[in-house]
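Undergrad: for reference, the sequence and a predicted model appear below.
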Amino acid sequence: MIDLHIHTTRSDGGLTPREVVRRAARAGLRAIAITDHDGVDGNAEAEQAGRELGVAVVPGVEISTRWDDLTIHLLGYGVCRITDEIRQTLVRLVRSREERNPRMIRKLREMGIEITMEEVLAEANGSLVGRPHFARVLVRKGVFGSVQEAFDRVLGRGRPAYVDKERLTPAEACAVIRRAGGIPVLAHPGLIEEERPGALAPLLAHLLELGLEGIEAYYSRHTPEQTRRYRALARSRGLLVTGGSDFHRPDEGGPEIGTGFGDLRVPDACYEALAERLRGR
């Protein structure tokens, strides 16, 4: 088994890079990719742990972009040449995330929801603060019954407490990934189609012009029919097929490393094709 979409405490995950690799090893995974949001700082620690525990680790990143008023996530695999320019770009994106947090606090308090930045920072416990940390504080305080409900009611895009952040264009993100020696892949296309039916075809045409090299066909929230369709779509355009759980943290009802919600199985062939492409670089 493999899993090419995993987050750590270096973004909004709940386990350190080393803990993620240890969990993957216990689950019997032969290969994983670390794809923290807008950052690459967890890759070195994960790669070292992978060498010690016998798990192949692909250094990666997940970059949030904006296209036609849609949020599009691009995965970058094999990002290993992190220049000062690339690091400054990623730092700018992280700073934008940090700057929106006090604005979200103000919006929640204006709604009559008591929450402080100190509570959110304590929940993050040193990791990059994101909306999931806000949601967990609200669940713990009894405001909502689950993280998903917090997103659906107040924190999701278009909800009352949502605050946008700086995003790159797909062209900028693809350029960053490629300059870093990586392979750009479209993340979870099913979520894009769910948000805006009919958007995938023109988006894919645009991304192909920018050098897109793969589609994440296997994903925790994709149906079997979607997976088959995205595999066929990728192969018809000569793109890599990838897949992953989008694991963030254990024991919260979210996807688990390797198996997603229980039935995810990403074929080893996806990793082998990706690794071969990376070796060619």
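TA: Yep, that arrived.
Undergrad: please write out the alpha-carbon positions of stretch 30-44 in CSV.
TA: Only the C-alpha atoms of stretch 30-44 are listed here, as CSV (Å, rounded to 0.1, in the frame of the first residue of the first chain):
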residue,chain,number,x,y,z
ARG,A,30,5.8,0.9,1.5
ALA,A,31,5.8,4.6,0.3
ILE,A,32,4.2,7.9,1.3
ALA,A,33,4.4,11.5,0.3
ILE,A,34,4.4,14.4,2.8
THR,A,35,2.2,17.2,1.3
ASP,A,36,1.9,19.9,3.9
HIS,A,37,0.0,23.1,2.9
ASP,A,38,2.2,25.8,1.4
GLY,A,39,5.3,24.4,3.1
VAL,A,40,8.1,21.9,2.8
ASP,A,41,9.7,22.1,6.3
GLY,A,42,8.5,18.6,7.3
ASN,A,43,10.1,16.8,4.4
ALA,A,44,13.6,16.4,5.7
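Undergrad: please begin residue numbering at 136 from this point
TA: I'll keep to 136 as the first residue from here, and by that count the last item is stretch 165-179.
Undergrad: just how off-centre is it within its chain?
TA: Distance of stretch 165-179 from its chain centroid, counting by Cα atoms, centre = their mean, to the nearest Å, is 10 Å.
Undergrad: now the strands for the stretch 186-335 of the chain?
TA: 191-202, 205-212, 318-321 (DSSP state E, counting those that start in this stretch).
Undergrad: what pairs with the second one, parallel or antiparallel?
TA: Within its sheet, strand 205-212 is paired with strand 191-202 (antiparallel), strand 318-321 (antiparallel), according to DSSP bridges.
Undergrad: in it, what's buried?
TA: 207-212 (16 or more other Cβ atoms under 10 Å). Every C-beta, even on glycine, is put in place using the N, C-alpha and C of the backbone.
Undergrad: out of those, who's nearest Asp398?
TA: When the buried residues of strand 205-212 are compared for distance to Asp398 (Cβ to Cβ), Leu210 wins out at 21.5 Å.
Undergrad: what sits against that closest one?
TA: Going by Cβ atoms under 8 Å, 6 or more residues apart in numbering, Leu210 touches 139-140, 168, 170, 195-197, 319-322, 349, 351, 377.
Undergrad: try 7 Å this time
TA: 140, 170, 195, 197, 320, 322, 351 (Cβ atoms under 7 Å, 6 or more residues apart in numbering).
Undergrad: just Leu335 next, same as before
TA: Leu335 makes contact with 324, 327-328, according to Cβ under 7 Å, 6+ apart.
Undergrad: out of these, the closest to Met252 would be?
TA: Ile327 (32.0 Å).
Undergrad: that closest one reaches Ala334, doesn't it?
TA: Yes. Counting by Cβ atoms under 7 Å, Ile327 does reach Ala334; the two are 5.9 Å apart.
Undergrad: about what we covered before: the contacts of Leu210: which two are farthest apart?
TA: So, the contacts of Leu210 by Cβ to Cβ: farthest apart are Gly195 and Glu351, at 11.6 Å.
Undergrad: figure out which of the strands of the stretch 186-335 of the chain is closest to Arg227.
TA: In terms of Cβ to Cβ, the element of the strands of the stretch 186-335 of the chain nearest to Arg227 is strand 191-202, at 11.9 Å.
Undergrad: joint contacts of Ile327 and Ala334?
TA: Joint contacts of Ile327 and Ala334 (Cβ under 7 Å, 6+ apart) are Leu205.
Undergrad: between the two, which is the more surrounded one?
TA: Legend: neighbour count by other Cβ atoms under 10 Å for Ile327 and Ala334, higher for Ile327 (20 against 16).
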